[in-house]
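Q: Build me a model:
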Amino acid sequence: MYVVFRRIDAQTTFTSIAAARWNDIAFAFALLALAYVVRGWRWLVWDPSLGYRDSLKAVLVGFMGNNVLPMRLGEVLRADWLARRSRERIGRTAALASIAGERVLDGLALSALGIAGLTFISVSRVFATSVAAIALVFVLIAVVIALAIVRERWVRACIDRVNAIFPGHLTNFARKRVHYALDGIVRLRGGVRIAAALGATVLIWGLELLGYAFIASSIFPLSTPMVAVFVTVVNFASLFPATVGGIGAIEGAATAFLVAVGVPADQALAMVLIQHGFQLVFTTSLGALAYFTHDGTAPAVQSSEVSAPLPDDEVISRTLSKLEVLRSDVALEAPDDRNGILLSIVIPAYNERLRLPVTVLETIRWCHVQDVRYEIIIVDDGSTDDTLSLGQLLEQHDRNLRTLACPHKGKGAAVRMGMLNARGRYVLFMDADGATPLSEIPRLLVALEKGYQIAIGSRVAQNPGDVTIETSLHRKIIGRVFALFVNVMAVSGIGDTQCGFKMFRREVIKPLFSRQRLDGFAFDVELLYLARQLHLSTVEIPVNWCNQPGSKVSLVADSIRMLRDLSRIRWMHRRTSIDSVAVGQEQSEKVAI
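A: Numbering: from 1, shown residues only. Coordinates of the predicted model:
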């Protein structure tokens, strides 16, 4: 944008915008908005289970994401949104593959418009070659997708053979992803579906063509071939990966084309700004409204991982049965006064009726076997299932267990409530999924007994072979990228801030958690930032960790929220004095214990 406005006077450009015929522009905006309405209908070809309202929301979420994220990452955001709401329980990879098919159809339509327009107007060879090259890429991708649909079984068999020849975690991961992607691609199979998708695509770009024509006529009338190439250039320029929402790339490329066909520079830029400005405002505002409006929908998982939920009464009966088995092994006591507690274990839980009983019962058994004076604090984060009832049921059978009810605000709020209510000499918070084995607790206890005030489990600070980390490759990559942001924006020198296995000495609980303000998943970073500000000694302890199915963390949506919260941490605590709490000398180390 800076380069564009250096070459074209901004004042004359805005004068051209003000002088435009706004009746034509209003009609153009109506046509462009109608094109998005048709896009919502078109997506039903891929996922008819959504219903039109959610289908339109998904389209707007994708455009909103592309407007605020670089490298077309809005499509990933849209895939995540779809996976959470599809009644057909398609996963994110399958949804992303379906979106890619939709985008290829758009690319073919734009290619046809561009090539047709270029046959009637004269432009430079470089420009014509660029449009033709992008069109060729779309044609090649379309051919690959068509072959994948026609030869689906052969493609799946080839992938399985490659995995058999080169076995390993990476090839197995790739095999699963390809199978999921094929699940999304073949959703377009069938003559009726293809015809519906093609018909909707033609209608969409016909409406766009008319909308662009009315925008042009309001300032400087263009011929139909010129409008066709104008539409193509704007949308091809938006594919440039280094831009956010195509800002700058669209203005530069489209304005250059219009100037080349005889439009005055200020009027050319005015046309582009009107079109692009409408698209940005319309899709960003409505997409954000669709994305951030909570509808209570629970996240879905990949189709191969879906299992039917147990009936509520069956969950309760199984829990009672396991309690009786546990009672025969260890001496459970009814609720009574709690004194002399060595270890408090806080377990935040949101809709964890399936995993929570297993984790709590295993924790009780471990504490008895280790002869640890303990208390377990379950903090229900406003669950909509039976999590709170199960916690209260468990509480009736063990005096060392308490269940607290918290309004649904997020994991950070639930942990804060549990930690501030803990009474043990050492206080651990751990996730309800049991991803970190209980056998890792002594590692953290030893660190605190040596004098550290905070010991955090780490999936990064490890010696080769010392511990085992079991998780998918894409989670590792996202985790390391987020850790980079953490080190730059908040806390440097910490390898893993997000492992849900952290232990604190009792005397630091109130200074830390009374200052904690974030309720979402970035609260771990906030705590470590505060610990550094308050000179609390912190140590990373390598722990074994295994990713558990049923995670409540959305890798895309929650990562965006966490990055937003990261940017707020330093500002929120700008007045926190590093001398406020004289409870230790600052340290942050990685050790193996």
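
Q: Do I have it right that V178 meets I159?
A: Yes - V178 lies in contact with I159 (C-beta atoms under 8 Å); the separation is 5.0 Å. Heads up, the C-betas are built off the backbone N, CA and C, glycines and all.

Q: and V427, which of the three is it?
A: Three-state call for V427 (DSSP: H, G, I helix; E, B strand; the rest coil): strand.

Q: Make 278 the starting number, not 1.
A: From this message on, residue numbering opens at 278, which makes the last subject V704.

Q: for R433, what are its contacts?
A: Residues near R433 by C-beta atoms under 8 Å, 6 or more residues apart in numbering: V455, H456, L459.

Q: nearest to L840, of the residues you listed?
A: For the contacts of R433, the residue nearest L840 by C-beta to C-beta is V455; the value is 29.4 Å.

Q: Who is the closest residue to T713 other than its chain neighbours paired with across the strands?
A: Among residues not flanking T713 along the chain, F778 sits closest, at 4.2 Å (C-beta to C-beta, 6 or more residues apart in numbering). Taking DSSP bridges as the rule, F778 bridges to M707.

Q: Give me the neighbour count for F778.
A: Around F778 sit 25 other residues, with neighbours defined as other C-beta atoms under 10 Å.

Q: Tell me the pLDDT of it.
A: With respect to pLDDT, F778 scores 93.

Q: care to break this structure down by domain?
A: 298-493+560-570, 589-711, 731-870 (automatic domain parsing).

Q: Of those, which is nearest Q544?
A: domain 298-493+560-570 (9.4 Å).

Q: centre of the chain versus the closest one, how much separation?
A: From the chain centre to the centre of domain 298-493+560-570 is a distance of 19 Å (C-alpha atoms, centre = their mean, to the nearest Å).

Q: Equivalent analysis for stretch 503-518, please.
A: Mean C-alpha position of stretch 503-518 versus that of the full chain (C-alpha atoms, centre = their mean) differs by 29 Å.

Q: list the buried ones in that stretch?
A: Of all the residues in stretch 503-518, those buried under the rule 16 or more other C-beta atoms under 10 Å are 503-517.

Q: All the strands of the stretch 728-870 of the chain, residue numbers only.
A: Shown for the stretch 728-870 of the chain, the strands assigned by DSSP state E, counting those that start in this stretch span residues 731-735, 746-747, 778-782, 814-819, 822-823, 864-867.

Q: For the fifth one, which strands pair with it and how are they oriented?
A: Each strand pairing with strand 822-823, determined using DSSP bridges, is listed with its direction: strand 746-747 (parallel).

Q: again with the longest one
A: Paired strands of strand 814-819, with direction, are strand 731-735 (parallel), strand 864-867 (parallel) (DSSP bridges).

Q: so where is the stretch 478-627 of the chain shaky, pLDDT-wise?
A: 571-591, 608-616 (pLDDT under 70).

Q: Kindly recompute the last result at 50.
A: 571-588, 613-615 (pLDDT under 50).

Q: try the chain
A: Applying pLDDT under 50 to the chain flags the ranges 571-588, 613-615, 856-870.

Q: Kindly recompute the last result at 70.
A: Using pLDDT under 70, the chain drops low at 446-447, 571-591, 608-616, 738-753, 826-836, 853-870.

Q: got the domains of the chain as CSV, with distance to A533 columns?
A: What follows is the domains of the chain, written out as CSV (distance: least, C-beta to C-beta, whole Å):
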stretch, distance to A533
domain 298-493+560-570, 8
domain 589-711, 47
domain 731-870, 33
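
Q: Can you classify N440 by secondary structure?
A: Of the three states, N440 takes helix under three-state DSSP.

Q: cool, and the one 4 residues further on?
A: In three-state terms, and counting by three-state DSSP, P444 is coil.

Q: Let me know how buried the closest residue to G701 other than its chain neighbours is, in neighbour terms.
A: Once flanking residues are discounted, G701 sits nearest to S621: 3.2 Å by C-beta to C-beta, 6+ apart. The number of residues packed near S621 is 27, by other C-beta under 10 Å.

Q: Next: A519.
A: When neighbours are defined as other C-beta under 10 Å, A519 has 8 of them.

Q: Pretty sure it sits against R349.
A: No - with contacts counted by C-beta under 8 Å, A519 stays clear of R349, the gap being 11.2 Å.
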